[in-house]
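Participant: Sharing a model prediction with you, sequence too.
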Amino acid sequence: MSKVYIDLDGTILDISEKYYRIYYENITLFGRKPLPKDEYWKLKRNGEKEEQIVMKSGISIDRTICYNDLFSEKIEKMEYLNYDKVFSGAAQTLKTLREKGNKVILVTLRKLPINLHKELKFLSLDPLFNEILIGSHREKKLWIHKAKLIKNSACFSQRKSLIVGDTEVDILAGKTLGIKTVVVLNGMRNRALLLAKKPDYVIENINELPSMLGQIR
């Protein structure tokens, strides 16, 4: 049995449409022309910060603070969370992991836990986890915060634990904890950025996770 600490946004959920809708609305409010979605998302996957992207859209550096405030205000509102979609096969994968005797623990950083629980219920994901760990997204070193969240959980032990995610935050959190790290390539970061952080395992998406676990036991 493995203890699988798994990220939500970009790992289980496709969040690209939510991010782009907020970007598009905000850029339009500023009277600028938004980039096409594929270009915007490519920049996000390349690791560019939101303020860097909006400056490419013609927003001056002194107005990026206002933009970021608008973005932060919207990102966890239910009207935008409704754009999140479960990746194809992800729900069944979570079921399979549990059926094989693994403990599946969701670990995510959100500012509004109440809206997270509403989203999980709406997407029928909440029964698929043994435990749900929620931390704030306001910390500067997100991987340290995520690592502490996991370490303080009821069932944590280094033995047979691994963390699954789509960004450098998940890799660094796993390394901080001394547990195996698995990254998916269909989320918020591209292959080059993820490989630079030296994860233990790389998979295309979480649907490959059950068979991968069988190989490493």
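Facilitator: Perfect, thanks for sending it. Numbering: from 1, shown residues only.
Participant: can you pull the contacts of the residue sitting furthest away from the middle of the chain?
Facilitator: Distance from the C-alpha centroid of the chain peaks at residue 31, with 30.1 Å (Cα atoms, centre = their mean). Shown in contact with residue 31 (Cβ atoms under 8 Å, 6 or more residues apart in numbering): no residues. Yep, even glycine has a C-beta here, placed from its N, CA and C like the rest.
Participant: Then the one 10 residues further on?
Facilitator: Counting by Cβ under 8 Å, 6+ apart, residue 41 touches 16, 19, 20.
Participant: Try it again at 7 Å.
Facilitator: 16, 20 (Cβ atoms under 7 Å, 6 or more residues apart in numbering).
Participant: so which strand or helix has it?
Facilitator: Residue 41 belongs to helix 37-45 when assigned by DSSP states H and E.
Participant: So for that helix, what gets flagged as buried?
Facilitator: By neighbour count on 16 or more other Cβ atoms under 10 Å, the buried set for helix 37-45 is 40, 41, 43, 44, 45.
Participant: which other helices and strands contact the helix or strand just after it?
Facilitator: Next in sequence after helix 37-45, counting helices and strands by DSSP H and E, comes helix 50-56. If you count contacts as 3 or more Cβ pairs under 7 Å, 6 or more residues apart in numbering; DSSP states H and E, helix 50-56 packs onto helix 64-74.
Participant: Touching the helix it packs on from outside, list them.
Facilitator: Residues contacting helix 64-74 (Cβ under 7 Å, 6+ apart): 22, 26, 30, 50, 51, 54, 55, 59, 80.
Participant: contacts for the helix or strand just after it?
Facilitator: Scanning forward in sequence from helix 64-74 by DSSP H and E, the next helix or strand is helix 78-81. Contact with helix 78-81 is made by 18, 21, 22, 74, 115, 118, 119, as judged by Cβ under 7 Å, 6+ apart.
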